[in-house]
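Chemist: need a 3D model of the sequence below.
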Amino acid sequence: MPPKQEELKSTHTIRKACDFYMRTPKFCALGGKSQYDYNRNLAFACNTSVQGGKYLGNIKLKDIQFSHVTVAYDYWRVKHGVRAANYIATCLSIVFNTARRHNALLSNPVSLLDRAKPKPRKVKWTTPQVKQFLDTAYSNWEWRSIGLIVHMAFHWAQRIGDMRLLEWKALDLDKGVLDLEQSKRGADVHLPIQGGLLPMLQQQKEDFGFLPYVAPRVRARAGVYTPYDDVEICGLVNSVKEAAGLPDELTAMDLRRTAITQMVEKGVDVVGIMQVSGHSTPQSVAPYLVNTLAGATEALSNREEDMI
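Modeler: Just a heads-up that it's a prediction; the model follows:
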């Protein structure tokens with residue numbers, strides 16, 4: 001029987017409250033990627049200087065003030081941008097709400113923040129740019145798995161993180177099907193393997209089929225082939241882009257947006273897009289429903305007989 005968790009008190013520091021939250025069943029039920037992100041962002045929050053060199057994490061729950069979180073939030077926003085600042089604030093808010101439920105905090109000061117709205121990122125790859133990236137990556141053994149991660153993310157309109165950690169057990173190459181449980185919200189998607197991706201996966205299976213992961217590091221570390229981490233993915237994608245002569249503004253995370261936008265432009269309805277993307281509501285797909293020339297041209301062509 002596991003030991004009973006220590007009671008959280010108002011005299012405990014925010015850092016201790018973060019540790020408390022990360023031992024709760026709610027945190028333990030999160031996926032590995034979410035746990036990693038929460039842990040990293042809470043550590044960053046705790047190490048933020050907010051008052052005369054005092055770190056936020058060293059302030060006691062009973063002493064936390066709105067001014068403290070305001071100073072911290074402004075620093076996060078300037079240092080890392082609006083989107084990252086809002087995510088850090090959300091992680092901290094969850095900790096404070098946990099403290100409230102354990103009667104260690106009267107109110108959640110993060111809930112009073114007037115959070116800035118991030119500008120929606122609109123950068124998209126073109127299909128020739130993706131092909132140029134893949135040609136460059138697949139031509140170099142060191143970039144083989146990076147190319148496959150990008151290929152799968154674009155092909156299936158999935159998140160890079162899910163492709164980075166994809167295991168062979170999710171794939172049936174004989175039937176040409178991927179059965180994926182997404183890490184972010186646990187949505188199940190069932191997707192066909194089409195086009196040039198299937199032969200690449202078959203080749204990868206021959207080379208790395210003895211491992212659980214589809215696209216691991218191509219060289220073992222301490223005798224073990226492990227998945228790339230987020231930082232490595234970013235750096236390696238940038239290296240391939242540079243070698244391929246592609247614009248700096250493109251990121252691997254833009255691939256999912258690109259693929260979904262392409263489906264929109266081709267006239268795929270929202271329900272069809274949700275079947276692929278794993279979004280749970282039409283509202284969550286709304287950010288991808290952008291106005292494009294290709295989409296408008298397709299729409300107008302459908303009424304061509306009535307046009308004057």
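Chemist: outline the domain layout of this structure.
Modeler: Using automatic domain parsing, the domain parsing of the chain gives 14-112, 127-257.
Chemist: may I have the distance across the last one, first residue to last?
Modeler: From its first residue to its last, domain 127-257 covers 13 Å (C-alpha to C-alpha, to the nearest Å).
Chemist: chain center to stretch 197-217: distance?
Modeler: Centre-to-centre, stretch 197-217 and its host chain are 23 Å apart (C-alpha atoms, centre = their mean, to the nearest Å).
Chemist: circling back: need the domains of the chain in JSON lines (columns: mean pLDDT, distance to Q275 and mean neighbour count).
Modeler: Glycine gets a C-beta too; all of them are placed from N, C-alpha and C. Formatted as JSON lines, the domains of the chain follow (pLDDT from 0 to 100; distance: least, C-beta to C-beta, whole Å; neighbours: other C-beta atoms under 10 Å):
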{"stretch": "domain 14-112", "mean pLDDT": "92", "distance to Q275": "22", "mean neighbour count": "17"}
{"stretch": "domain 127-257", "mean pLDDT": "93", "distance to Q275": "7", "mean neighbour count": "17"}
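Chemist: okay if I get those as JSON lines plus distance to M263?
Modeler: Formatted as JSON lines, the domains of the chain follow (distance: least, C-beta to C-beta, whole Å):
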{"stretch": "domain 14-112", "distance to M263": "24"}
{"stretch": "domain 127-257", "distance to M263": "7"}
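Chemist: identify whichever of these lies nearest to V270.
Modeler: Smallest distance to V270 across these (C-beta to C-beta): 13.7 Å, for domain 127-257.
Chemist: what's the closest non-adjacent residue to L106?
Modeler: Distances taken as C-beta to C-beta, 6 or more residues apart in numbering place R100 nearest to L106, at 7.4 Å, with adjacent residues excluded.
Chemist: which strand or helix spans that neighbour?
Modeler: helix 82-101 (DSSP states H and E).
Chemist: what helices and strands are in contact with that helix?
Modeler: helix 14-21, helix 32-46, helix 66-80 (3 or more C-beta pairs under 8 Å, 6 or more residues apart in numbering; DSSP states H and E).
Chemist: got JSON lines for those helices, with distance to P282 too?
Modeler: Below are those laid out as JSON lines (distance: least, C-beta to C-beta, whole Å):
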{"stretch": "helix 14-21", "distance to P282": "33"}
{"stretch": "helix 32-46", "distance to P282": "24"}
{"stretch": "helix 66-80", "distance to P282": "30"}
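Chemist: backbone phi and psi for I193, please?
Modeler: Dihedral pair for I193: phi -100, psi 110, per degrees, to the nearest 10.
Chemist: and the residue lying closest to Q182 once chain neighbours are set aside, how far from N140?
Modeler: Using C-beta to C-beta, 6+ apart and skipping the chain neighbours, the partner closest in space to Q182 is G278 (4.8 Å). To N140, G278 is 31 Å away according to C-beta to C-beta, to the nearest Å.
Chemist: cool, and T126?
Modeler: 22 Å.
Chemist: which element is L180 on?
Modeler: Here L180 is assigned to strand 177-181, by DSSP H and E.
Chemist: contacts for that strand?
Modeler: Strand 177-181 is contacted by residues 156, 158, 162, 166, 170-172, 187-193 when judged by C-beta atoms under 8 Å, 6 or more residues apart in numbering.
Chemist: now do stretch 77-88
Modeler: Stretch 77-88 is contacted by residues D37, N41, F44, A45, Y73, W76, R115, A116, K117, P118, K119 when judged by C-beta under 8 Å, 6+ apart.
Chemist: equivalent analysis for stretch 25-39, please.
Modeler: Stretch 25-39 is touched from outside by Y21, M22, Y87, C91, I94, T98, G161, L165, S183, K184, G186, with contacts defined as C-beta under 8 Å, 6+ apart.
Chemist: hey, where'd the strands end up in the protein?
Modeler: Ranges of strands in the chain, per DSSP state E, are 49-51, 54-55, 171-172, 177-181, 188-192.
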